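# Return a 3D structure for these sequence lines:
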Amino acid sequence: MTDRAVSPVIGTVLLVAIVVLLAATGVVFFQQLVSDPGEPPQIAVERAQATVDGCTVARAAVEGGSGGLAFYRQNGERVVLDDDGDGRTEAGEGVRLPPREDVTVLANRSGEIYVLDEFRGTRVDCLSVAGSAAPGIETAHGVRFDVPYNGGSGTVGNSLNEITVTYESGAGVDASGVSVGDVTAVGFDRDGDAAIDVSARSDLQSVTVSNGGRTVEFGFIGNYDVKRGDEIVVRFAGIENPTAAGTYTTTVNVNGDVTKTGSVTVG
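Now for the predicted structure:
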């Protein structure tokens, strides 16, 4: 039986057809890659809890990732999880979450936005707390003040000059014994890990008590500037708790410019 050779013309036609088919397949595959960025970034966000001055601080910590930039929005601006500023969210990077707000942690990869996690604010007032909740005893109090950034505030970018803490009338709080020596810590938490990163203790020059012991004013020389995102921390001893159990209003003011109202609970 005689073998028949394939015609050169037919072989050429077949070769061209195969090349065209492979090229078309490659174009389709490339188009799919361009139009589909793939799966969302593999960024695991966990909420590490740390108790600070009687308050629980939540922090979004990244265990690992395959790309993309994670962030959440607050007051219309992005708060990113990118400690080294390279435009990517990588293992070990994280950010403190606002304690009393609901936020959604998102990721941006290849121009697509993905939802990674949702955080429900604890609704816990972390502005001021008593070291001991027992009524009528002398103890230490703590203040954690998240500095707001908005057009009506001149505090950000200026030096820290004074912090004033006022307890509600009739509460029975007595801060008459508080002096400079009773201030155990004061400074700025700048990375959300709950610890004071920049101490301003050496800048403290005066403690003034007024309103029958209800108002304590901490005066500073002014060598430390308040930065955007700062949380000002003050801890001071020598204050007497209200004699009756309950929740009492406190007002904290920074530089005579920004004021927040919270509460302290005893009993």
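
# Work out which residue lies at the spatial centre of this protein.
Nearest to the geometric centre of the chain sits R96, at 2.7 Å (C-alpha atoms, centre = their mean).

# and that residue, bridged to which residues?
Beta-bridge partners for R96, by DSSP bridges, are R59.

# Tell me where the model's unsure across this protein.
1-40, 47-57, 75, 99-100, 122-125, 149-153, 192-194 (pLDDT under 70).

# How about the contacts made by the closest residue to A60 other than its chain neighbours?
In this structure, A60 finds its nearest non-sequential neighbour in V45, 5.0 Å apart by C-beta to C-beta, 6 or more residues apart in numbering. Quick note: C-beta positions are derived from backbone N, CA and C, even for glycine. By C-beta atoms under 8 Å, 6 or more residues apart in numbering, the contact set of V45 is 60-62, 70, 105, 116-117.

# what does A200 give?
Counting by C-beta under 8 Å, 6+ apart, A200 makes contact with 160, 186-188, 220, 223-224.

# same question, S66
41-43.

# neighbours of the residue nearest to Y167 when sequence neighbours are not counted, just the number please.
Spatial nearest neighbour of Y167, excluding adjacent residues (C-beta to C-beta, 6+ apart): V173 at 4.0 Å. For V173, the neighbour count with other C-beta atoms under 10 Å is 27.

# hang on, V173 packs against E240?
Yes. Taking contacts as C-beta atoms under 8 Å, V173 lies within contact range of E240: 6.7 Å.

# How about the secondary structure of G181?
Taken by DSSP: H, G, I helix; E, B strand; the rest coil, the conformation at G181 corresponds to helix.

# Could you count how many residues lie near it?
As a burial measure, G181 scores 10 neighbours (other C-beta under 10 Å).

# List the residues that contact it.
Applying C-beta under 8 Å, 6+ apart, we find G181 in contact with no residue.

# redo that, cut-off 10 Å
Contact analysis of G181 by C-beta atoms under 10 Å, 6 or more residues apart in numbering lists 207, 236-238.

# Check F119 too.
Applying C-beta under 10 Å, 6+ apart, we find F119 in contact with 45, 47, 58, 60, 72, 97-99, 101-105.

# Need the buried ones from these selected in ChimeraX.
Restricted to buried positions by 16 or more other C-beta atoms under 10 Å, the ChimeraX selection for the contacts of F119 reads:
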select :45,58,60,72,97,98,99,103,105
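
# Out of the contacts of F119, which sit inside strands?
The strands, defined by DSSP state E, take in 45, 47, 58, 60, 72, 103-105 from the contacts of F119.

# Hmm, V79 and the residue nearest to the centre of the chain touching each other?
Yes. Counting by C-beta atoms under 10 Å, R96 touches V79, with 9.1 Å between them.

# nearest residue to L127 other than its sequence neighbours?
G262 (3.1 Å).
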